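1. got a structure for you, letters missing:
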């Protein structure tokens, strides 16, 4: 027991947090960039003339799509090098470091993968129609920026975990920090992937039917915004845990209830996020193909997404019961 | 997470100077803690499948309405019924989680 | 770095130990909201001061924005008459312009200017307004009965169906009604936290990176991405979601 002093715990938390942030945070962007490069290669094989346009689209898509991994790198390095003041040294701070790593690492995984779909679809579209590369590229950048907002939420939560002293003490502090990390990190995973697939569908639609770009952009933005609802629930629960649970008793039950709430709302958001994204993908394709049916398709998409998100709402309810009633 | 690891964690907390003294962990506390984490895992994992599945259904409905808009009402209704069936596993998870939670609240 | 906590919760007037008056009412948010409104008033007044058939530069920009939103509202709502669409147009156009300028308020490098949208109370108020308005419009368009039967789910009214299917349909509302009510309420949370999270996220990332690089060079680029690009996209998304909620409710 003598070995595990508070200083040692903080060091353990630091290494675990930085490892989670840099390890998981890199996976997503790497997959996404790979998808873009594969699509660009395929395009160059079919249309060697368009190589210059393809190269430019691929590089811009990878540069914008790489920013989640840059968030993860910055936060990971912060976790690794952040000075911890002597009065803060202890298990809660160690857990805050590890929780920040969880939030940023898993949160950026989803957005990194998500940014790959629009980049790949844009490369495919540019290969087919090199003259329209500017329009396709601007739609790609908007889609990628939207797909990154779950990773922005995750960055916020991990920075708050790093820089604000954890208000709950002892076991409860550990639970709050890890629970908030899981809630935000896993909660951002599905929406990141989902909003990416929606943007990919929109780009495929627009590169086949360029005239319906305006309508497809609108369907894409709404579809992405709705599919990010689970990430917003994760953000909400993480905020509640970090700011409203200051006077939690340091017991093992409170530790368990915060971790449980984090797992419920975090993992519960994965499925609805991906599912709503899939609905948005086909909706974007449909409204690009038949722009006149736009309102009908949008309505169907919203109804379908609302039902698909009811499970995320159940998860939120269970998490709130865990936090407030137990 | 087994009991010995929990004990190590709690003793490490108790080792801090200005810490509230950790009370000894009792068996009922561990059971309660396990139940709470279990409820969270139950709802969390249980929500993954229905979410993806219902998204598939909604996507196919959008595609079908794009092809034959005159059947929109029928297609929407079919989609909702299919989603309601696919939702049932999510509801099972919710029910199990609530049973666990209220069992803990009322029993404790 | 200490500003991160300050940006989220203010119990005190920033930089002092004086508690915020009126029970923690956030004076900075209200001040910035008023600044945004004054800015828009003055700007639009200057732009359309000398109206003419051949527009000058300011009038042209305003006409472009107004025309674009007129088309957007008309194609989203798809009502029969131009006047019916025009009823919602001022709200949508105002909402977008207000949110756009509000999201850009983080750019002036003075402590007193902050995005009002980085305060959850502001976005929560706007989100509540959007969802309540959609509900009121839905009740007006379909009547209380029509609106409630829509909340009861797709199987509530099946004219001409056999008895068993009718009963099953009525029973299914036990499942659909709570779902729809909670879904409506969760719209408020999602629409307001989306805007809030993106704006506060951008400003926190800018604060941290500025501290890391000693305010040299990089923050300006981040300003352009997070304040102007993300701010404009999120203002548009919030406006479009409000419009879509209304459009879905009245159809």
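-> Yep, it's here. The shown structure was predicted, so the numbers you read here are calculated from the model rather than taken from an experiment.

2. residues from chain C in reach of chain B?
-> By Cβ under 8 Å from any Cβ of the partner chain, the residues of chain C that approach chain B are C:153, C:154, C:155, C:172, C:175, C:176. Any C-beta I mention is one placed from the backbone N, CA and C, and that applies to glycine too.

3. Assign the first one to helix, strand or coil.
-> If I follow you right, that is residue C:153. Using DSSP: H, G, I helix; E, B strand; the rest coil, the secondary structure recorded for residue C:153 is coil.

4. of all the residues of chain C next to chain B, which two lie farthest apart?
-> When those are compared pair by pair using Cβ to Cβ, the two farthest from each other are C:154 and C:175, 11.3 Å apart.

5. wait, does the helix or strand containing residue A:71 contact chain C?
-> Secondary-structure element containing residue A:71, defined by DSSP states H and E: helix A:67-81. Yes: Helix A:67-81 comes into contact with chain C when judged by Cβ under 8 Å from any Cβ, the residues involved being A:71, A:74, A:78.

6. tell me how far that helix is from the chain's mean position?
-> Taking Cα atoms, centre = their mean, to the nearest Å, one finds helix A:67-81 lying 15 Å from the centre of the chain it belongs to.

7. packing partners for the helix or strand following it?
-> Elements were assigned by DSSP H and E; along the chain past helix A:67-81, the next helix or strand is helix A:91-128. With contacts taken as 3 or more Cβ pairs under 8 Å, 6 or more residues apart in numbering or on different chains; DSSP states H and E, helix A:91-128 sits against helix A:6-46, helix A:51-65, helix A:67-81, helix A:133-147, helix A:149-163, helix A:170-208, helix B:3-14.

8. rerun that using 7 Å as the cut-off
-> helix A:6-46, helix A:51-65, helix A:67-81, helix A:133-147, helix A:149-163, helix A:170-208 (3 or more Cβ pairs under 7 Å, 6 or more residues apart in numbering or on different chains; DSSP states H and E).

9. Chain C contacts on chain B?
-> Residues of chain B found near chain C, taking Cβ under 7 Å from any Cβ of the partner chain as the criterion, are B:76, B:77, B:80, B:84.

10. Could you verify that the last one is part of a strand?
-> No: residue state for residue B:84 (three-state DSSP) corresponds to helix; a strand is not indicated.

11. If I look at the closest residue to it other than its chain neighbours, what pLDDT would I see?
-> Nearest non-adjacent residue to residue B:84, counting by Cβ to Cβ, 6 or more residues apart in numbering or on different chains: residue C:175, 6.8 Å away. What the model reports for residue C:175 is a pLDDT of 75.

12. re earlier: what comes up buried for the helix holding residue A:71?
-> Of the residues in helix A:67-81, those with enough neighbours to count as buried (16 or more other Cβ atoms under 10 Å in any protein chain shown) are A:67, A:68, A:69, A:71, A:72, A:73, A:74, A:75, A:76, A:78, A:79, A:80.

13. about what we covered before: looking at the residues of chain C next to chain B, spot the one nearest residue A:290.
-> Nearest to residue A:290 among these, counting by Cβ to Cβ, is residue C:154 at 23.6 Å.

14. What distance do you get for the one residue sitting closest to the centre of chain B to chain A?
-> When Cα atoms, centre = their mean is applied to chain B, the residue found nearest the centroid is residue B:43 (1.0 Å). Going from residue B:43 to chain A by Cβ to the nearest Cβ, to the nearest Å gives 4 Å.

15. And the helix or strand harbouring that residue, what does it pack against?
-> Under DSSP H and E, the secondary-structure element containing residue B:43 is helix B:27-46. Here helix B:27-46 is seen to pack against helix A:252-268, helix A:310-324, helix B:72-107 when contacts are counted using 3+ Cβ pairs under 7 Å, 6+ apart.

16. Just want the angle from that helix to helix A:310-324.
-> Helix B:27-46 and helix A:310-324 meet at an angle of 160 degrees, taking axes from the mean of the first three to the mean of the last three Cα atoms, to 10 degrees as the criterion.
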